[in-house]
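*Asks:* sequence first, then the predicted structure:
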Amino acid sequence: MAAVLATALAAAGGCGVSTSAPQKHGDALPAVQPYGESVRSIPDPAGVSDPEELVRLYLQAAVGGTEAVVPQVKAFLTGKALQTWRDPANPQNVTVIRVLRGPEEGVRGGGRSPVTVDYEVIGTLSNGRVAEPSPSGGGSITFWVVPDPNTPGDLRIDEIEGWHGGLLLSDKALDESQGGVHRIQPIYFWDAEYELLIPDLRYLPLTLNEEQRAKRLVQWLVAGPSPWLEPAPQRLPAGTNLNVAIRTDPVRFEVNVESEQPFDQTAVARLHHQLRWTLSYGGIDPPPLELFVNGQPQQSGVEDYRAFNRAYRYRNEAGPPARYDVVDSRVTAVGLDPQPPLLTSPDNVDVETAAVNRDGTVAALVRRASNGLRYLNVIHAGGQSVRSGLRQDVSRPSWVPVPGSREEFVMVASGGNMYLLSTTDPKFTDVTPARLTNVTSVSVAPDGRRVAFVADGLAYVASLSVNAVSNTVTVGSNPRPILASRAEATGVAWLNDTWLMVGGTAKGATRPAIWRVSADGVVARDETPRPLRDAEVQIQEVLAAPAWPAGLTGPVYLYTNQGVYEFSVTVRESQFNAPFFSS
């Protein structure tokens with residue numbers, strides 16, 4: 001492959017602490033002028049003279065999620081098209097489609113231009129999130145574009161063939177980096193033990209002003225987490241309502257909690273941390289937060305909300321993750337001489353792949369046995385060595401944080417199942433979700449409460465419920481498929497708490513392909529560089545170094561049957577044999 005250097009991709013990680021013992025973790029995030037962002041304009045057909053551009057804008061016009069959506073969309077239509085238009089029963093529900101081809105203008109005739117879009121249905125956007133798609137699949141839509149009878153210099157849509165008439169949004173409309181009018185915005189829910197915050201993706205209209213955006217975010221908190229994440233996240237107490245306003249002199253949020261249940265100081269502190277992250281845009285500090293319960297001012301007592309976002313802590317408490325490589329079948333810390341005591345263990349031999357925890361005290365080694373199968377061997381800096389009973393081609397381990405526990409845990413795939421293992425005990429627990437088989441790859445999210453994996457050639461994301469008392473981890477029973485209609489997945493890695501990298505091949509194809517995909521599978525970008533499109537290699541594993549905030553970049557590695565490659569907008573041969581990062 002051609003060695004071409006360019007920018008790379010990546011994301012976030014960290015550790016958990018108890019809310020009963022709040023601490024300060026790290027300095028304040030970079031100071032910026034908060035909430036000075038301008039309001040985006042609602043897509044409008046005025047002045048548009050290109051048929052393809054008109055259709056692109058039409059597929060972004062149903063932004064907002066209120067009754068105002070209907071006149072926004074109808075503004076693109078001629079009187080003739082309006083005669084067959086039927087207002088939707090619920091304008092807050094919008095069908096999201098992934099555009100597979102187009103908009104593409106066909107041959108004009110009789111003053112009309114056909115513009116075709118091939119699509120697949122992703123799901124219904126409601127309450128800021130996109131539900132899984134119905135069996136309706138996809139197809140082709142033709143938009144017949146004509147000069148506007150009232151303003152001939154402009155264009156309007158005269159007829160729509162191939163669609164039943166409901167409100168439509170393209171997936172690009174949900175991604176501001178692709179010119180969309182929404183921001184992919186995590187809101188945060190506490191895990192079952194109130195130890196870590198779980199990100200839950202929402203699509204925030206940028207056509208709202210800052211206070212309206214804040215109100216929308218807290219409304220979504222009250223509505224609760226996405227169904228596919230349950231039962232891992234904690235809902236707000238029943239009967240809770242939140243009202244938010246932005247005040248000036250100084251700039252600050254005021255959030256009043258209306259609750260039928262009493263809020264003690266512990267509950268106030270938890271809500272404070274949850275709101276601080278939910279109202280943060282891309283990891284940048286929001287204005288200070290003043291919290292009221294039924295009109296009475298509250299003191300949260302702490303400003304340590306950063307402590308409970310593992311993704312933030314991963315990158316901001318100890319700097320970039322340590323880099324490791326496998327050299328002569330031994331794990332080596334890149335750039336360190338002498339090597340850390342952990343890696344001087346006599347068991348650090350015959351290694352094919354591995355994982356090392358964040359503080360470098362425990363390593364999970366996947367070693368090759370004499371019979372050719374791979375097994376798991378955990379080594380500790382103090383000299384302890386634990387050899388797991390798993391003996392069926394173990395995958396690369398991924399760490400699961402269990403705050404408050406003296407043990408550490410890893411998840412692996414082995415023999416087609418997903419297993420949880422303690423680093424101090426050779427026993428293992430099968431945590432494979434029901435009805436799924438042939439699990440080949442596992443990657444725990446930077447937040448530590450979601451897991452991505454490959455099963456039967458498809459990528460999935462599921463929640464993780466962790467109990468520190470019983471030292472148990474449960475994988476959610478409703479995994480969400482990622483790119484099920486497009487990708488034959490072989491590897492998946494977290495870039496941050498918002499994005500995944502999925503590697504494999506496109507459906508029905510043989511050449512390798514790489515997608516950058518939102519963690520709910522809604523927004524997807526094919527980022528396969530041209531040298532890789534023409535290569536006869538198979539992607540076996542994808543590995544990324546987390547970064548924070550989500551807009552930052554870092555290295556991504558592709559393990560293939562022809563060696564390891566570093567990926568960015570193109571690929572180059574890796575200078576390492578089998579690189580990985582502490583996690």
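*Replies:* It's in. Residues are numbered from 1 along each chain as shown.
*Asks:* residue contacts, residue 245?
*Replies:* 211, 253-254 (C-beta atoms under 8 Å, 6 or more residues apart in numbering). C-beta: built from backbone N, CA, C; applies to glycine.
*Asks:* kindly recompute the last result at 6 Å.
*Replies:* residue 254 (C-beta atoms under 6 Å, 6 or more residues apart in numbering).
*Asks:* ok, now how distant is it from residue 39?
*Replies:* Counting by C-beta to C-beta, to the nearest Å, the separation of residue 245 from residue 39 is 17 Å.
*Asks:* before we move on, what about residue 329?
*Replies:* The value you get for residue 329 to residue 39, if C-beta to C-beta is used, is 58 Å.
*Asks:* wasn't residue 119 part of a strand?
*Replies:* Yes - membership of residue 119 in a strand is supported by DSSP: H, G, I helix; E, B strand; the rest coil.
*Asks:* burial measure for the nearest residue to it once chain neighbours are set aside, as a count.
*Replies:* Among residues not flanking residue 119 along the chain, residue 97 sits closest, at 4.1 Å (C-beta to C-beta, 6 or more residues apart in numbering). Here the count is done by other C-beta atoms under 10 Å, and residue 97 has 23 residues near it.
*Asks:* does residue 532 sit in a helix or strand, and which one?
*Replies:* Residue 532 is part of helix 530-533 when elements are defined by DSSP states H and E.
*Asks:* which element is encountered next along the chain beyond that helix?
*Replies:* Assigned by DSSP H and E, the successor of helix 530-533 is strand 539-544.
*Asks:* note down every partner strand of that next one and its orientation.
*Replies:* strand 556-560 (antiparallel) (DSSP bridges).
*Asks:* could you point out which element follows the partner strand?
*Replies:* Immediately after strand 556-560, counting by DSSP H and E, sits strand 563-567.
*Asks:* quickly list what the residue nearest to residue 119 is bridged to.
*Replies:* Where residue 97 sits in a bridge, its partners, by DSSP bridges, are residue 121, residue 170.
*Asks:* now do it against residue 387, distance only.
*Replies:* 51 Å.
*Asks:* tell me which residues in the helix holding residue 532 are buried?
*Replies:* residue 532 (16 or more other C-beta atoms under 10 Å).
*Asks:* then stretch 356-363?
*Replies:* Buried-residue list, stretch 356-363, by 16+ other C-beta under 10 Å: 356-358, 360-363.
*Asks:* cool, and stretch 215-225?
*Replies:* Buried-residue list, stretch 215-225, by 16+ other C-beta under 10 Å: 215-221, 223-225.
*Asks:* what is the nearest of the buried residues of stretch 356-363 to residue 268?
*Replies:* Lowest distance from residue 268 to the buried residues of stretch 356-363 (C-beta to C-beta) belongs to residue 358, with 30.3 Å.
*Asks:* where does the closest one land in three-state SS?
*Replies:* Per three-state DSSP, residue 358 ends up coil.
*Asks:* hang on, isn't it packed against residue 582?
*Replies:* Yes - the pair residue 358 / residue 582 is scored as a contact, 5.2 Å apart, by C-beta atoms under 6 Å.
*Asks:* touching, residue 77 and residue 159? I think so.
*Replies:* No - judged on C-beta under 6 Å, residue 77 makes no contact with residue 159 at a distance of 9.2 Å.
*Asks:* and the buried residues of stretch 356-363 as JSON lines, adding distance to residue 557 and pLDDT?
*Replies:* Output for these, formatted as JSON lines (distance: C-beta to C-beta, whole Å; pLDDT from 0 to 100):
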{"residue": "356", "distance to residue 557": "16", "pLDDT": "93"}
{"residue": "357", "distance to residue 557": "19", "pLDDT": "89"}
{"residue": "358", "distance to residue 557": "19", "pLDDT": "84"}
{"residue": "360", "distance to residue 557": "20", "pLDDT": "88"}
{"residue": "361", "distance to residue 557": "24", "pLDDT": "90"}
{"residue": "362", "distance to residue 557": "22", "pLDDT": "92"}
{"residue": "363", "distance to residue 557": "18", "pLDDT": "94"}
